[in-house]
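J.: here's my sequence, what's the structure:
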Amino acid sequence: MTTFANDALKGKTAIVVGGSRGIGKAIVERLAAAGAAVAINYVNSAAAAEQIAEKIRQQDGKAIAIQADISQLPAIKTLFEKAEASLGKPDIVIANAASYIPALLSEATEEQYDAVFNTNAKGIFFVLQEAARRVKDGGRIIVTSTGGTQMYFSMNAIYLGSKGAIEQFVRVLSRELGERNITVNAVSPGFTNTDLLPERDRAVAAAMSPFKRVGEPEDVADVTVFLASDAGRWITGQNIGAGGGVF
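T.: Reported below is the predicted structural model:
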């Protein structure tokens, strides 16, 4: 059950980049439950995105699914244009999309590096740029990072490097948009029950938390939607840990 009143985001429009699965899906559902109209971006999961959108519409909400691969820069502008044409100028933009390829730094290829950075760093950079141009004054911009930038796992140099970059983008953009009362923050999940967490690692991951469990997507989504709400108006330029105490 959502912790937010049904009308907490009534009249607001949100774009969730990477909103069809896992944490992104939970964010979409939490936003809709709080009354926001939501544009759900996906790359390949068309059926999943459409299913979420239809469920929201059946509950008298507003939602649209939009395909766009943010590693291709023209697709970012198209995504925002379609969302705005259907739902109106955005109040909230949440950049949740990410690519993950594990590799030893000493063995990683240029192709692996580009595949991750083109989405996680370059793609998110230009999503933030488009958001900065389009989000209403008083709006919210939120990026999903990772607690891994504070934990230094092997095999993760490419992924963590890309996430470290977006944490810096958030800090700088928060300064640039402050005069418009737009907050810009990152949320860093810990081990979360999504398809990115291998079954073999779950027991160890749970043991690292004082709560002795891994997080659920809804745990992270509630933190994100808090920042998107009026209650988060005095928080900006921050990286909020949502990892159940593992970092």
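
J.: check contacts around the most centrally placed residue in the chain.
T.: In the chain, the residue lying closest to the centroid (CA atoms, centre = their mean) is Asn96, at 2.3 Å. Counting by CB atoms under 8 Å, 6 or more residues apart in numbering, Asn96 touches Val16, Val17, Gly18, Gly19, Ile23, Gly24, Ile27, Val143, Thr144. Bear in mind the C-beta positions are built from the backbone N, C-alpha and C, glycine included.

J.: and if we set it to 7 Å?
T.: With contact taken as CB atoms under 7 Å, 6 or more residues apart in numbering, Asn96 is in contact with Val16, Val17, Gly18, Gly19, Ile23, Gly24, Ile27, Thr144.

J.: CSV please, covering those and showing distance to Ala121.
T.: CSV is the format used below for the contacts of Asn96 (distance: CB to CB, whole Å):
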residue, distance to Ala121
Val16, 19
Val17, 14
Gly18, 14
Gly19, 20
Ile23, 19
Gly24, 18
Ile27, 21
Thr144, 13
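
J.: what's the farthest-apart pair in those?
T.: Distances among the contacts of Asn96 were taken as CB to CB; the most separated pair is Val17 and Ile23, at 12.0 Å.

J.: and Arg133, helix, strand or coil?
T.: Secondary structure state of Arg133, per DSSP: H, G, I helix; E, B strand; the rest coil, is helix.

J.: and the strands in the chain?
T.: Using DSSP state E, the strands of the chain run over residues 13-17, 37-42, 63-67, 92-95, 140-144, 183-189, 239-242.

J.: can I get these in CSV with mean neighbour count?
T.: Shown next, in CSV, are those (neighbours: other CB atoms under 10 Å):
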stretch, mean neighbour count
strand 13-17, 29
strand 37-42, 28
strand 63-67, 22
strand 92-95, 29
strand 140-144, 27
strand 183-189, 25
strand 239-242, 18
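
J.: so how far does stretch 34-45 reach from one end to the other?
T.: 24 Å (CA to CA, to the nearest Å).

J.: use 10 as the first number for this chain going forward.
T.: Noted, 10 is the first residue going forward, which turns the last one into stretch 43-54.

J.: quick one: average pLDDT of it?
T.: Averaged across stretch 43-54, the pLDDT comes to 98.

J.: list the contacts of the closest residue to Phe89 other than its chain neighbours.
T.: Spatial nearest neighbour of Phe89, chain neighbours left out: Glu139 (5.0 Å); criterion: CB to CB, 6 or more residues apart in numbering. When contacts are counted by CB under 7 Å, 6+ apart, Glu139 touches Ile85, Lys86, Phe89.

J.: now the lowest-mean-pLDDT helix or strand in the chain, how far from the chain's geometric center?
T.: Lowest by mean pLDDT, DSSP states H and E among the helices and strands of the chain is helix 211-216, with a mean of 96. Here helix 211-216 shows a centroid-to-chain-centroid distance of 24 Å under the convention CA atoms, centre = their mean, to the nearest Å.

J.: who's in contact with it?
T.: Under CB under 7 Å, 6+ apart, the answer for helix 211-216 is Phe200, Leu206, Lys221, Arg222, Val223.

J.: roughly how far apart are the second one and Asp123?
T.: Right, the one you point to is Leu206. 25 Å (CB to CB, to the nearest Å).

J.: more neighbours: which of those two?
T.: More neighbours surround Leu206 than the other of Leu206 and Asp123, with 16 against 13 (other CB atoms under 10 Å).
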